[in-house]
Each structure stands twice: as structure tokens, then as C-alpha cells.
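Enquirer: sequence plus predicted model, see below.
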Amino acid sequence: TPTSDPLHLMAQRYVQNSQPSDDESYASDQNFEDENGDTVMDDNFMPPSSIAQYEPLEDDTDLSEDYVPGSIKRIKLHNFVTYDDVEFQPGPKLNVVIGPNGTGKSTIVCALAIGLAGSPNLLGRAKALGDYVKRGADSGFVEIELCGHRRGKLIIRRDLRKDNTFEFRVDGRSASIKEVQDRIR
């Protein structure tokens, strides 16, 4: 099914709409009358054959063997910058995040850096971790699932609080920042 949310493009296959359409007759439906009664074509109109559709991968598709160790398999954000709750599942190959300005592309990059034990000073945005917690919330988290080297998967979670404190968890157990850094190397 098509989606207009550019952030749902991760882990999805791009498919050009291949249904035949009569663009000319469809375009005539996009005309309107201006204040003088003249017929005007809508400048923002795009005929159906030029509109892209995005088709999610089948639920039963097993891509686990295609991931290399260290690949990001899942990113989950809660009360992080502008996101309430969102989860992304990048595919095993090249993933591209596209979208208009202000849709949260850079926020995903910030989440990856902060979630993988990076310092907010590297990001050129807010310097304090508490500033990455969504306005109106006291806490949030970034959870990243990596394809593991020896033990299947590795889940790293960084809980953030408005008072600039944080806690790491690796596979559900409390961990130091050094432990996280050692595990992801």
C-alpha cells in the first residue's frame, strides 16, 4: 500500500506504479476555475503514472542471513526529539532515508550516534543529552538492535532523562558506556 510518510521508506522496496492510466483524461479532472471563471490547470498535479508507490517487504521474508555482523536490524525511539514512538527496520543492504526538510532524517542519525555511545558534542546540535528528550516528557530512549558477531543479536538501549542522566542496557542488563563501546567494536 502507498504511504506518504517518508520515514517508512526504510526497509521497503521502491516500486513504480505500473497500472496503466490515461494521464491526459485524468489531468482534465485536476482543472479548476480561478476567481475570473477561467479554467486553470493545477501546477502541483502529478499524473498517476509518475507517482511512486512503496511496497513493504513480505512479513515472511527471511533476510537474517543477508545481514553482516554489526548491521543495524532495528531502531526504536521513544520520546526522542520529535518522535513519540517509532520503530525502523532497515534492510540488510543499502538503506536511504529521504524526505522533505523537517521530517526527522537528522534525528535518526542523532539517535544512532547517541544510542551507540556517541557524545552529543559530535552532532552539532544540542550538547546536553536531556535536550534530546522530547519536549513535555521527562525521559525517553533509543534502542538499537545489531546483528551480533557471535551471539546472534545485540540490543543496546540508552535511556535518557531531562536531568541529563542516562543509563545503558545491553541485552536487557545494565551496562557502562565502556562496556557498550567494547561490545560494538
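Expert: Arrived safely. Numbering: from 1, shown residues only.

Enquirer: what pLDDT, on average, does stretch 133-148 get?
Expert: Stretch 133-148 shows a mean pLDDT of 95 in the predicted model.

Enquirer: again with stretch 153-173
Expert: The average of the pLDDT scores along stretch 153-173 is 96.

Enquirer: go through stretch 142-150 and flag the buried ones.
Expert: Across stretch 142-150, burial judged by 16 or more other CB atoms under 10 Å covers V142, E143, I144, E145, L146, C147, G148. All C-beta atoms are positioned from the backbone trio N, CA, C, and that covers glycine.

Enquirer: of those residues, closest to K134?
Expert: Comparing these against K134 with CB to CB places V142 closest, at 12.0 Å.

Enquirer: what's the helix or strand for that closest one?
Expert: Using DSSP states H and E, the element containing V142 is strand 139-147.

Enquirer: same for that strand, what does it pack against?
Expert: Contact here means 3 or more CB pairs under 8 Å, 6 or more residues apart in numbering; DSSP states H and E; on that basis strand 139-147 packs against strand 72-80, helix 105-115, strand 153-161.

Enquirer: how about 10 Å then?
Expert: Counting by 3 or more CB pairs under 10 Å, 6 or more residues apart in numbering; DSSP states H and E, the packing neighbours recorded for strand 139-147 are strand 72-80, strand 83-88, helix 105-115, strand 153-161, strand 166-170, helix 177-184.
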